[in-house]
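J.: When you get a sec, could you give me coordinates for this:
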Amino acid sequence: MGDVLTWLLFFFILIAILVMVVFQLMCLADLEFDYINPYDTASRINKVVLPEFITQGVVCVVFLITGHWVMSLLSLPYLYYNAKLYLGRKHLIDVTEIFNELNWEKKQRLVKLGYLVLLLFMCLFWMIYSALEEDDHS
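T.: Next up, the predicted model:
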């Protein structure tokens, strides 16, 4: 039962990261359609970037601690990219350059979204597999 609960926890944490990335995409889309000004867009996105990075780092470490090596290895490229952005101080959106970088920022978050959906489906698969395996042992 513990393994299923662990996978369920991972599932909900990945959903939270997914919500943060979708929120960033919605803010960028609102800026593109001129529903919101660049300052508000940058401040809204910059508020959730660091929590997204921290949450992804925690998920990767917890995958490693709990012995789910495959999922840990699958989440390492995403963690590496986030760390590279953070250490290069390119993780925050600049208000003055937001229109010049709008397409790049959208593409970057769409790739993150696709990668997170892949991780989410893998997590869902392992959760169902663990539940069925425990049911066979009962």
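J.: what residue ranges in this protein score low on pLDDT?
T.: Scanning the chain for pLDDT under 70 picks out the ranges 138.
J.: Let's check: the centremost residue of it is which one?
T.: Computing the C-alpha centroid of the chain and ranking residues by CA atoms, centre = their mean puts Ile17 first, at 4.0 Å.
J.: His68 - how many residues pack around it?
T.: Using other CB atoms under 10 Å, His68 has 20 neighbouring residues. In short, each C-beta sits where N, CA and C put it, glycine included.
J.: SS state for the nearest residue to it once chain neighbours are set aside?
T.: Among residues not flanking His68 along the chain, Trp126 sits closest, at 7.4 Å (CB to CB, 6 or more residues apart in numbering). Three-state call for Trp126 (DSSP: H, G, I helix; E, B strand; the rest coil): helix.
J.: Enumerate every residue touching Asn82.
T.: By CB atoms under 8 Å, 6 or more residues apart in numbering, the contact set of Asn82 is 52-53, 56-57, 91.
J.: Out of those, grab the one that's most surrounded.
T.: When neighbours are counted by other CB under 10 Å, Gln56 leads the contacts of Asn82 with 24 neighbours.
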